[in-house]
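Predicted model follows, preceded by the sequence.
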Amino acid sequence: MKLSITEENYLKAIFSLSSNDKVAVNTNNIAEHLSMKPASITDMVKKLSAKNLVIYEKYKGTALTPEGSKIALEVIRKHRLWETFLVEKLNFKWDEVHDLAEQLEHIKSHELVKRLDDFLGNPKFDPHGDPIPDKNGMINFKEPVLLNTLKIQKTGVVIGVNDSSDLFLKYLNKLEISLGTQIRLIEKIPFDNSLEILINDHLSSVIISAEVAGNIYIKN
């Protein structure tokens with residue numbers, strides 16, 4: 001089925017908002033996610049419904065059909081593979097790749113995507129720690145372990161972020177925190193739940209807020 005870039009973006013947005021394709025999402029949420037007016041969303045959702053890619057019920061929301069979910073996962077797969085390629089092979093920073101991947105994710109060649117996946121060694125996660133769907137659309141959702149759950153004097157390794165906005169990633173870059181960074185928890189401050197941490201065994205510790213710690217995934 002030939003779809004426009006806009007139609008693919010709608011399917012991807014609905015998938016992202018629907019708790020991994022399991023629940024219906026309302027028009028206002030889709031509009032906010034895509035920075036568009038609700039009336040425009042309703043028109044497009046009806047078009048996608050006519051193509052049997054979504055199920056739309058007025059006042060109840062929109063859910064993906066199996067075919068709509070398949071297409072959304074294909075787009076997400078390409079997006080995350082391209083992000084991985086840009087970071088690992090072209091040395092882009094993890095806060096620089098989202099917009100580029102947004103363009104590259106709409107390339108239609110299945111052979112190119114297959115070769116890209118093989119070239120990268122069939123990665124399971126992208127540079128932000130998000131799981132990459134495999135060629136069959138299977139996606140390995142991991143149970144998140146957040147930095148703010150780390151025990152005092154224990155060390156975790158950064159494997160991803162919950163907030164992948166440019167502002168947050170640039171802040172982490174300033175702290176020299178990225179994928180693979182080792183973080184040791186020195187102290188948890190009761191007043192505001194901020195954390196004193198040691199990054200990659202630097203001589204000086206830093207203080208990060210509870211909000212920052214609650215957006216960094218680690219493995220122990």
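Yep, it's here.

separation between Ile30 and Ala63?
12 Å (Cβ to Cβ, to the nearest Å). Placement of C-beta: from N, CA and C, glycine included.

the more surrounded of those two?
Ile30 (24 against 19; other Cβ atoms under 10 Å).

Check which helix or strand the more buried one maps to.
In this structure, Ile30 sits in helix 27-34 according to DSSP states H and E.

Just the angle for the helix or strand following that helix relative to helix 27-34, thanks.
Note on helix 27-34: by DSSP H and E, the next helix or strand toward the C-terminus is helix 38-50. Helix 38-50 runs at 100 degrees relative to helix 27-34, counting by axes from the mean of the first three to the mean of the last three Cα atoms, to 10 degrees.

Show me what helix 38-50 packs onto, helices and strands only.
helix 5-17, helix 27-34, strand 54-57 (3 or more Cβ pairs under 8 Å, 6 or more residues apart in numbering; DSSP states H and E).

wait, isn't Phe92 in contact with Ala101?
No. Assessed by Cβ atoms under 8 Å, Phe92 is found out of contact with Ala101, at 9.8 Å.

Common neighbours of these two, please.
Residues touching both Phe92 and Ala101 (Cβ atoms under 8 Å, 6 or more residues apart in numbering): Leu86.

Comparing those two, which residue is more hemmed in?
Ala101 (21 against 16).

And the contacts of stretch 112-130?
Residues outside stretch 112-130 that contact it (Cβ under 8 Å, 6+ apart): 77-78, 80-85, 87-89, 94, 97, 107, 131-132, 134-135, 140, 158-161, 164, 169, 179, 217.

The helices and strands packed on helix 38-50: which one's closest to His202?
Distance to His202, taken as Cβ to Cβ, is lowest for helix 5-17 among these, at 35.5 Å.
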